[in-house]
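**Student:** no FASTA, just this:
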Ligand SMILES: *[C@@H]1O[C@H](CO)[C@@H](O)[C@H](O)[C@H]1NC(C)=O
Ligand SMILES: *[C@@H]1O[C@H](CO)[C@@H](O)[C@H](O)[C@H]1NC(C)=O
Ligand SMILES: *[C@@H]1O[C@H](CO)[C@@H](O)[C@H](O)[C@H]1NC(C)=O
């Protein structure tokens, strides 16, 4: 497995020339006052450059407790693993992937911004330690540092812990056999020593995308202790030394680092057992040290350390291009971490102002900051292929589930947030729009980067997969029967909802065109710098227009295909001539996964005549959003076309979906005589035209019906938030009870937001009594939800996927940050209308 000598020589040569080239560029950069100007004075290019640098590195392997990678398809992947060494069993709890079932008191970012860095705290009950991980980036975004600190739990002061850091370099080239010098390398700099290493261990590497770099790991301060119990049973097993192991793995396999490590460890133990009859006397802190049995040298490197009691150590990654005072070193890392944490704190305070009664204690601020940090800490970058079934055509009448057979498509890349790092560590279309809401004012540039990444996935047919299971690592977390996506299935277009919110913000606050900074006197003289990042696109109408122009064709395809594929029957069932009416495809008797509210009751028996009120509302959101976007681009005929759709949708929501008898909006189907009939299950579905603001402002009677449904404890009101299905419904709390009673934060946010919206637009037309009702519901609902989520966060250490409507108890996936982070937006809203 050793590289042939010739290849080594080539690599060395290549590295030299690379080094020289970097050096030249570096000198020019250092000479120029403004580096962005040197590259290009074009504003768009300046922005793209700043943005790419600032978002290059991050803990974008969010499925791991801590895993770093750059936003580059195949490149350098790093990760942290650890396990307890007090006994022989704990190796079974070697931590790597963040798993729902792991016994962690808490595990989340408590302070984090992707452009700066931050802190994650992991309190590992079974390993008896609390781990604090600080991650910090250099100003140029090209280098970083990590500090890992472990604090033993009380009563476990002498706990023995092993930490393993790994870094693996994957290559741009698909075929590993072709790997030559230009694919780069990653190698150990220390003089190889099978006995282990005292002090620092250093790797150096080069790749086309990253250039030259070094990764160095220290042994931490003198206060660290290594286990010193008894004699060293084999010279290779000294726990006071760092141990290094390297091997070659093909592309798309570095993510298996944990399995690879375990396999190598097993091999070492097998060898020791053969060599030493008394092996069972080896203490665990020696037995579980990885040994360099083969003298391999490859692209994946493990560095293992063993400590006793409290300990800390640092890892620094230095890119050759980073200037010396910007570099993160073992000497300055503490200062840089402090600066980063202060920076995140400042930004949080600047962007969020918690409102009464949540500004009275530090607890709420810490909670709010953790919501935001946990959300941002879920930002992931993935690259690879995914499985799509374009063959199976659903039979309209069957309402059965299909076994899909996929073919690989791609590769695709995606920059996304995730619903829950331990449970759903990948992109979900329905969730993503909600994920972006708390970030709109915090960092709209980031939001637009993420949206663009999603919109890029829209295929030529205008379809985008509901769940993004990209690459082998993502697939490994999903049962086989759920890995394949079908173009027949759509999902709520929440990204359009978020885009509408964004454009409304611009309209409301900036009046597209009047800009304070940076000034836009002469387009080409304009210079932007890193401090503007976060609000650059929204503050520069031309940039925003260019951005919108770029995504518009895809959005239009998406819109058209969405409407075409989900079109419902109108004339066929005597429903007039307005054809804005839709039916979710792919529903089964019990589930409508496409709608996102999977098991919510729908008309039975299922019938092709069905029309879904939530779907029509979503199409309305799309029409309105497309209208705003077309208007930004001054595409007059598109504006009027989308405007017409929106108008027709509003009309049909009233005409087809309003039930006078039930006084709510309902799905429409037909009875045995093929006559139109509403099937009403009061709950989130009934509120959709209200939640999407598609009820005309002057329809006070409808608004009153909505608030009455929300406020009634026998229907939707609970002390912990608005329940998904009415207490009076026959299916309440039945079956898997996923969307049949629990409280969901995303919908509760829309409810509060809509109450605020309609109070604003319509209160002058409301009776005193109705106004009072709006105000009371708003005030109490906001406080009820926040208090319950905070309560459960305090008692369990996490924010959750759902909350029980009867008890407020947490349910479902943990660390669901995720759309449950919308609580942060609620904390920012005024206490009263
Ligand atoms: C917008 O795009 C046009 C055409 O691609 C380009 O010439 C212009 O410089 C861009 N505007 C800005 C502000 O970068
Ligand atoms: C920024 O990254 C994107 C892809 O992620 C790339 O298309 C673009 O060219 C980059 N911009 C610059 C200035 O390098
Ligand atoms: C909380 O905010 C309100 C305004 O929303 C303000 O009047 C009050 O002084 C604040 N309280 C604290 C403790 O900062």
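**Tutor:** Okay, I see it. Quick caveat, the model's predicted, so the values are computed rather than measured. Numbering: from 1, shown residues only. Ligands and ions are numbered 1, 2, ... in the order given.
**Student:** mean confidence for stretch 120-137?
**Tutor:** Across stretch 120-137, the average pLDDT comes to 98.
**Student:** buried set for that stretch?
**Tutor:** Using 16 or more other Cβ atoms under 10 Å as the test for burial, stretch 120-137 gives 120-124, 127-137. C-beta coordinates here come from the backbone N, C-alpha and C atoms, glycine included.
**Student:** just how off-centre is that stretch within its chain?
**Tutor:** 20 Å (Cα atoms, centre = their mean, to the nearest Å).
**Student:** cool, stretch 387-400 as well?
**Tutor:** For stretch 387-400, the distance to the chain centre is 29 Å (Cα atoms, centre = their mean).
**Student:** end to end, how far does it reach?
**Tutor:** One end of stretch 387-400 sits 21 Å from the other (Cα to Cα, to the nearest Å).
**Student:** secondary structure element for residue 652?
**Tutor:** helix 636-657 (DSSP states H and E).
**Student:** if I pick residue 94, what's in contact with it?
**Tutor:** 81, 82, 83, 258, 261, 262 (Cβ atoms under 8 Å, 6 or more residues apart in numbering).
**Student:** wait, doesn't the first one sit right on residue 96?
**Tutor:** By that I understand residue 81. Yes - if you go by Cβ atoms under 8 Å, residue 81 and residue 96 touch, sitting 4.7 Å apart.
**Student:** and for those two, which residues touch both?
**Tutor:** Contact criterion Cβ under 8 Å, 6+ apart; residues shared by residue 81 and residue 96: 257, 258.
**Student:** And the residue of the stretch 201-350 of the chain found nearest ligand 3, how far from residue 125?
**Tutor:** Of all residues in the stretch 201-350 of the chain, residue 349 sits closest to ligand 3, at 12.1 Å by Cβ to the nearest ligand atom. Using Cβ to Cβ, to the nearest Å, we find residue 349 at a distance of 33 Å from residue 125.
**Student:** residue ranges of the helices in the stretch 301-450 of the chain, please?
**Tutor:** Along the stretch 301-450 of the chain, the stretches classed as helices by DSSP state H, counting those that start in this stretch are 333-351, 362-376, 429-436, 444-455.
**Student:** Give me the pLDDT value at the residue in the stretch 501-650 of the chain that ligand 2 sits nearest to.
**Tutor:** In the stretch 501-650 of the chain, the residue that lies nearest ligand 2 is residue 550 (10.9 Å; Cβ to the nearest ligand atom). pLDDT for residue 550: 95.
**Student:** Can you tell me what sits against the one helix or strand it maps to?
**Tutor:** Per DSSP H and E, residue 550 falls inside helix 541-565. By Cβ under 8 Å, 6+ apart, the surrounding residues in contact with helix 541-565 are 43-44, 47, 448, 451-452, 455-456, 458, 460-464, 488, 490, 493, 496, 506, 512-513, 515, 520, 523, 536-538, 582, 585, 619, 622-623, 626, 629-630, 632-633, 638.
**Student:** among these, which ones are buried?
**Tutor:** The buried subset of the contacts of helix 541-565 (16+ other Cβ under 10 Å) comprises 43, 47, 448, 451, 455, 458, 462-464, 488, 490, 493, 496, 506, 520, 536-538, 582, 585, 619, 622-623, 626, 629-630, 632, 638.
**Student:** can you give me the strands for the stretch 551-700 of the chain?
**Tutor:** 658-659, 664-665, 667-670, 676-679 (DSSP state E, counting those that start in this stretch).
**Student:** and of those strands, who's closest to residue 799?
**Tutor:** Proximity to residue 799 (Cβ to Cβ) singles out strand 664-665 among the strands of the stretch 551-700 of the chain, at 30.3 Å.
**Student:** The closest one - contacts with which helices or strands?
**Tutor:** strand 658-659, helix 700-711 (3 or more Cβ pairs under 8 Å, 6 or more residues apart in numbering; DSSP states H and E).
**Student:** Let's test this: mean pLDDT of the shortest one, rounded?
**Tutor:** Just to be clear, that refers to strand 658-659. Computed over strand 658-659, the average pLDDT equals 98.
**Student:** which residues are in contact with that strand?
**Tutor:** Contacts for strand 658-659 (Cβ under 8 Å, 6+ apart): 664, 665, 666, 678, 680, 702.
**Student:** Give me the nearest residue to whatever residue of the stretch 401-550 of the chain ends up closest to ligand 3, chain neighbours excluded.
**Tutor:** Residue of the stretch 401-550 of the chain nearest ligand 3, by Cβ to the nearest ligand atom: residue 441 (17.3 Å). Among residues not flanking residue 441 along the chain, residue 351 sits closest, at 6.0 Å (Cβ to Cβ, 6 or more residues apart in numbering).
**Student:** Tell me how many other residues crowd that neighbour.
**Tutor:** 15 (other Cβ atoms under 10 Å).
**Student:** again, but for residue 360
**Tutor:** By other Cβ under 10 Å, neighbour count at residue 360 equals 10.
**Student:** That one and residue 435, how far apart?
**Tutor:** 28 Å.
**Student:** contacts with ligand 1 among the buried ones among the contacts of helix 541-565, please.
**Tutor:** The subset of the buried ones among the contacts of helix 541-565 within reach of ligand 1, by Cβ under 6 Å from any ligand atom, is residue 43.
**Student:** beta partners for residue 676?
**Tutor:** Counting by DSSP bridges, residue 676 is bridged to residue 670.
**Student:** 94 is where my numbering starts, stick with that
**Tutor:** With the count now opening at 94, the last piece we talked about shows up as residue 769.
**Student:** wait, doesn't it sit right on residue 666?
**Tutor:** Yes - if you go by Cβ under 8 Å, residue 769 and residue 666 touch, sitting 6.3 Å apart.
**Student:** Those two: which has the busier surroundings?
**Tutor:** With neighbours defined as other Cβ under 10 Å, residue 769 and residue 666 compare such that residue 666 has more, 19 against 14.
**Student:** mind listing what the nearest residue to that one once chain neighbours are set aside touches?
**Tutor:** Spatial nearest neighbour of residue 666, excluding adjacent residues (Cβ to Cβ, 6+ apart): residue 702 at 5.3 Å. Contacts of residue 702 were listed using Cβ under 8 Å, 6+ apart, and they are 662, 665, 666, 762, 763, 767.
**Student:** who in the stretch 144-293 of the chain is up against ligand 2?
**Tutor:** Counting by Cβ under 6 Å from any ligand atom, the residues of the stretch 144-293 of the chain near ligand 2 are residue 145.
**Student:** if you go through the stretch 144-293 of the chain in chain order, where are the strands?
**Tutor:** 150-151, 160-163, 169-177, 197-206, 210-217, 222-230, 237-245, 253-262, 278-281.
**Student:** Of the helices and strands packed on strand 757-758, which is nearest ligand 1?
**Tutor:** Nearest of these (Cβ to the nearest ligand atom): helix 793-804, 42.7 Å.
**Student:** what comes into contact with the closest one?
**Tutor:** Against helix 793-804 from outside (Cβ under 8 Å, 6+ apart): 747, 751, 756-757, 775, 779-780, 782-783, 788, 808-810, 815, 819, 844, 848, 851, 855, 858-859, 863, 866-867, 869-870, 874.
**Student:** One more: stretch 864-882?
**Tutor:** 450-451, 800-801, 803-804, 811-815, 836, 838, 841, 844-845, 848-849, 851-852, 856, 859, 892-893, 896, 901, 913, 916, 919-920, 922, 924-926.
**Student:** Filter those down to the buried ones.
**Tutor:** For the contacts of stretch 864-882, buried by 16+ other Cβ under 10 Å: 451, 800-801, 803-804, 811, 813-815, 836, 838, 841, 844-845, 848-849, 851-852, 859, 892-893, 896, 901, 913, 916, 919-920, 922, 926.
**Student:** The residue in the stretch 644-793 of the chain that ligand 1 sits nearest to: what's it in contact with?
**Tutor:** As assessed by Cβ to the nearest ligand atom, ligand 1 sits closest to residue 726 within the stretch 644-793 of the chain, at 12.3 Å. Shown in contact with residue 726 (Cβ under 8 Å, 6+ apart): 638, 641, 642, 645.
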